[in-house]
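> Sequence plus the predicted model coming up.
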Number of protein chains: 2
Amino acid sequence: MVAVTDKEIHIIKNGNVTSPHGFSAGGLHTGIRKTKLDFGWIHSDNPATVAGVYTLNTFQAAPLKVTKESIEKDNKIQTVVVNSGVANSCTGKQGMSDALEMQKLTADKMNVSTDHVAVASTGLIGVPLPMDNIRTGIEAMTNREHYSPANFATAILTTDTVTKHMAVQIEIDGETITIGGAAKGSGMIDPNMATMLSFITTDAVIDHESLQKALKHTTNQTFNMITVDGDSSTNDMVLVMANGQQNNSVLNESHPQWNDFLQAFQYVCEGLSKQIARDGEGATKLIEVNVTGAASNETASQVAKAVISSSLVKTAIYGSDPNWGRIITAVGYSEQPVDPDKVSVSLGEIAVVESGLPVDFDENEGKQYLENETVKLNVDLQDGPYEATAWGCDLTYDYVKINASYRT
Amino acid sequence: MVAVTDKEIHIIKNGNVTSPHGFSAGGLHTGIRKTKLDFGWIHSDNPATVAGVYTLNTFQAAPLKVTKESIEKDNKIQTVVVNSGVANSCTGKQGMSDALEMQKLTADKMNVSTDHVAVASTGLIGVPLPMDNIRTGIEAMTNREHYSPANFATAILTTDTVTKHMAVQIEIDGETITIGGAAKGSGMIDPNMATMLSFITTDAVIDHESLQKALKHTTNQTFNMITVDGDSSTNDMVLVMANGQQNNSVLNESHPQWNDFLQAFQYVCEGLSKQIARDGEGATKLIEVNVTGAASNETASQVAKAVISSSLVKTAIYGSDPNWGRIITAVGYSEQPVDPDKVSVSLGEIAVVESGLPVDFDENEGKQYLENETVKLNVDLQDGPYEATAWGCDLTYDYVKINASYRT
């Protein structure tokens, strides 16, 4: 978790990917989905320095491969184009040629280099990309009526129920630097990128290597620490575009304000991550698991992930049942070196286990606490200085309902 | 999966832990649970050679520690005593002394050596063992009216809806050898022993080392290949008692019929595993995942486990949705070296993916197949000779209902 004072980071109300200078975004309905907007884009006035992280799933979708290869050429992109409804995954050669065509047509329409276009798709696996709809979308990309960051934030959603976006500002070298972002999540969100798309924009001047390093570091503490159901998908990625429209001196690790930038960047990633976790399929609550006192970073994050991923913990929270036995059980099977006699657990401020033994607590008070919309489960391993936080949601009837009938 | 011909293995109708010679079993209601039988035991006329496997959870419950230590002394037990309702886990020193008292009182009552008594508990974590009820149960252990293997099979259950038991016979050295077993499962069933208790009895003559080896090998292919919700508990174990009441020559790996014994033993373990998987909390279907063509044993079993554990696969099966994309996704995040372009998938006999690409199939036919009570998902990696099978169940509204209100 990022500790933030208002002095350092200014949160822009209703901020979005176009909050930083020099970015525009839009979206429209092309008919891939029944009525929801299904096609969107972000465009920078100039080629932006880019960094990316991608799904670890062995089955990587065609658009992801195309984007990754293009980015690696000169680490710049100018336009990101995204469709929802069809993932263009497990689509073989046809899928690759469709993704390449989507990239090429966009480049032509927006008058940018082909390699400076990133493509992304999310939705059903094994269905060919409906190129007629994609072409309709691309044709409309220069039409001002579709321009709106809200349209973009909506167009990338699948079973999400709300849009996810935010932006913050900080002073760097006396310049006001803005960082914005939009994301989609919903089911299948898991550590290691899972049906998750996230696009972050900034007008800071930053070199590619530092941006990539910042993204990797931050992703491990934010996007990789959220889970909805433990599945991870074939299409997921986080892209950051830095178009350098401000006049700060180049950001990198030796810049005196590097940490300020990193903190603001992490604040955006953490904010989007929490928005994704809270909107997990069927979720009614955001669960935050804080592990402290771990002997290593690895132990802290693995224990946090074991607890946040436990179906039994997730259903207990749904039922507002202060059943700490399930938390302890998850800590125990995390395959980490944990001393059972040292572990303490609290639900918010309510201590329920101290050094491995149950604490007498008021069950009604516990139940009441768990009825909050945000629930904090704190696990202190009392074994070292490391800590980690993971976010997730409760497991509900609606999760089953949504996923038992996603297609048919 | 075990290939069995009726010639080799005879299945005893309604078989149980008392099917082998020299074993008796019983159970009664002592008041730990509201009305269900909550206390049971198995007794052998003579000290039996024993083998055991235990939960890998860091938090091991007191009865498990006591049993493990006692067994290690001379690899014999004569009596197993079990209660349901309270797990005697996370109960500190009190828990250890309660488990030891339960063991000692049983030994005195049954007139056996203290070290020849195994104790087991299953139920709520963090609650002290209600020793008054336990004493009531032990006092009744010599009362014939409570003797019945069905009572035992019922007494060990928690949220299970049906008893799990079976027995088979084979000829070894011209002697009829019987192997019986009873188990409890329900939620929290996972690879690596999870709220799972299984007790297997046989009248074969077998040495300890070979029995332990057989149990370990077989557990990896049966009990460790079932999952209900991915959680693994603090109390789980499988114990095998071989009282040697038949006159076969000592079974071990150099015995000419070792494989016959192993096959019958595995048949019982697999049968109990499937009964457990089918009765997962809220389950309506048994799912069997068969992975073939793997480059290693590890890959075969990890891919099978990834698919059987996927909440998205489990809810799709519940909804009879032939959404093979979720199967492919799980294969992809199993962290195994899999070539996406080689993977083929079928639902029963219906091919849906061939070498990484979708097959045109009749969705209605797929839906119809998934409405069966037993559903087979076949994944061929086309990459080697290894295979593995995993069993699980669908994820339903009732799973959420049961687990959102287990305690309160």
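Received the coordinates, thanks.

> CA only for contacts and neighbour counts going forward, please
Noted.

> phi, psi of the residue of chain A most remote from its centre?
The centre of chain A is farthest from one residue, residue A:360, which by CA atoms, centre = their mean lies 38.4 Å away. Here is the backbone geometry of residue A:360 (degrees, to the nearest 10): phi -70, psi 120.

> try residue A:246
According to degrees, to the nearest 10, residue A:246 has phi -90, psi 170.

> May I have the residues that are in contact with it?
A:21, A:175-177, A:203-205 (CA atoms under 8 Å, 6 or more residues apart in numbering or on different chains).

> what does residue A:18 give?
Contacts of residue A:18 by CA under 8 Å, 6+ apart are A:24-25, A:149, A:180, A:201.

> ok, back up a step: read off the pLDDT value for the closest residue to the residue farthest from the centre of chain A other than its chain neighbours.
Leaving out its chain neighbours, the residue that sits closest to residue A:360 by CA to CA, 6 or more residues apart in numbering or on different chains is residue A:352, at 7.1 Å. For residue A:352, the model assigns a pLDDT of 96.

> Residue A:258 too?
At residue A:258, pLDDT is 95.

> From what I see, it and residue A:249 are in contact.
No: using CA atoms under 8 Å, residue A:258 is not in contact with residue A:249; the gap is 10.9 Å.

> Write out the residues of the stretch 1-150 of chain A neighbouring chain B.
Applying CA under 8 Å from any CA of the partner chain, one finds that the stretch 1-150 of chain A approaches chain B through A:56-59, A:90-92, A:124-126.

> at 6 Å instead, please
By the rule CA under 6 Å from any CA of the partner chain, the part of the stretch 1-150 of chain A lying against chain B is A:57-59, A:90, A:125-126.

> Repeat that for the stretch 201-350 of chain A.
A:233, A:315-316, A:319, A:325, A:329, A:332-333, A:340.

> among the residues you listed, which are in helices?
Assigned to helices by DSSP state H, the following of these qualify: A:315-316, A:325, A:329, A:332.

> Name the residue in residue A:258 and residue A:249 with the higher neighbour count.
residue A:258 (17 against 14; other CA atoms under 10 Å in any protein chain shown).

> Tell me which stretches of the stretch 51-200 of chain A form helices.
A:62-74, A:92-110, A:131-139, A:149-155 (DSSP state H, counting those that start in this stretch).

> Got phi/psi on residue A:388?
phi -150, psi 150.

> do residue A:216 as well
phi -60, psi -50.

> How about it: what's its closest non-neighbour residue?
Per CA to CA, 6+ apart, closest to residue A:216 is residue A:53, 7.0 Å.

> pretty sure that neighbour is touching residue A:236, no?
No: using CA atoms under 6 Å, residue A:53 is not in contact with residue A:236, being 8.5 Å away.

> So these two - more neighbours on which side?
A count of neighbours by other CA under 10 Å puts residue A:236 above the other of residue A:53 and residue A:236, at 27 against 18.

> and the gap between that one and residue B:287?
In this view, residue A:236 and residue B:287 are 28 Å apart by CA to CA, to the nearest Å.

> where do the strands sit along the stretch 1-150 of chain A?
Taking DSSP state E, counting those that start in this stretch as the test, the strands found in the stretch 1-150 of chain A are A:10-11, A:23-28, A:39-54, A:76-86, A:117-124.

> Save the ones you listed as TSV, and put in mean pLDDT and distance to residue A:305 too.
Converted to TSV, the strands of the stretch 1-150 of chain A look like this (pLDDT from 0 to 100; distance: least, CA to CA, whole Å):
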stretch	mean pLDDT	distance to residue A:305
strand A:10-11	95	28
strand A:23-28	98	34
strand A:39-54	97	19
strand A:76-86	96	28
strand A:117-124	93	25
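
> where does chain A dip in pLDDT?
A:1-7, A:186-194, A:228-233, A:405-408 (pLDDT under 70).

> Walk me through which strands the host helix or strand of residue A:378 pairs with, and which way each runs.
Taking DSSP states H and E as the criterion, the element that holds residue A:378 is strand A:374-380. Strand A:374-380 has the following sheet partners, assigned by DSSP bridges: strand A:286-294 (parallel), strand A:344-347 (antiparallel).

> Single out the most deeply packed of these.
Across these, averaging neighbours per residue (mean count of other CA atoms under 10 Å in any protein chain shown) puts strand A:286-294 on top, at a mean of 25.

> and that strand, how far out from the chain's middle?
Averaging C-alpha positions (CA atoms, centre = their mean, to the nearest Å) puts strand A:286-294 18 Å from its chain's average.

> if we look at the helix or strand just after that strand, which residues are touching it?
Using DSSP H and E, the helix or strand that follows strand A:286-294 in sequence is helix A:297-309. The contact list for helix A:297-309 (CA atoms under 6 Å, 6 or more residues apart in numbering or on different chains) reads A:289, A:291, A:294, A:330-331, A:334, A:336, A:386-388, A:390, A:392.

> now the angle from helix A:297-309 to strand A:286-294?
For helix A:297-309 against strand A:286-294, the angle between stretch directions is 150 degrees (axes from the mean of the first three to the mean of the last three CA atoms, to 10 degrees).

> and helix A:297-309, which residues are buried?
A:299-309 (16 or more other CA atoms under 10 Å in any protein chain shown).

> Kindly export it (C-alpha atoms) in CSV.
The C-alpha coordinates for helix A:297-309 follow below in CSV (Å, rounded to 0.1, in the frame of the first residue of the first chain):
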residue,chain,number,x,y,z
ASN,A,297,9.1,-10.5,0.5
GLU,A,298,8.2,-13.8,-1.1
THR,A,299,6.6,-15.1,2.1
ALA,A,300,4.6,-11.9,2.6
SER,A,301,3.2,-11.9,-0.9
GLN,A,302,2.5,-15.7,-1.1
VAL,A,303,0.7,-15.7,2.2
ALA,A,304,-1.4,-12.7,1.1
LYS,A,305,-2.2,-14.4,-2.2
ALA,A,306,-3.2,-17.7,-0.5
VAL,A,307,-5.6,-15.9,1.8
ILE,A,308,-7.1,-13.6,-0.8
SER,A,309,-7.6,-16.6,-3.2
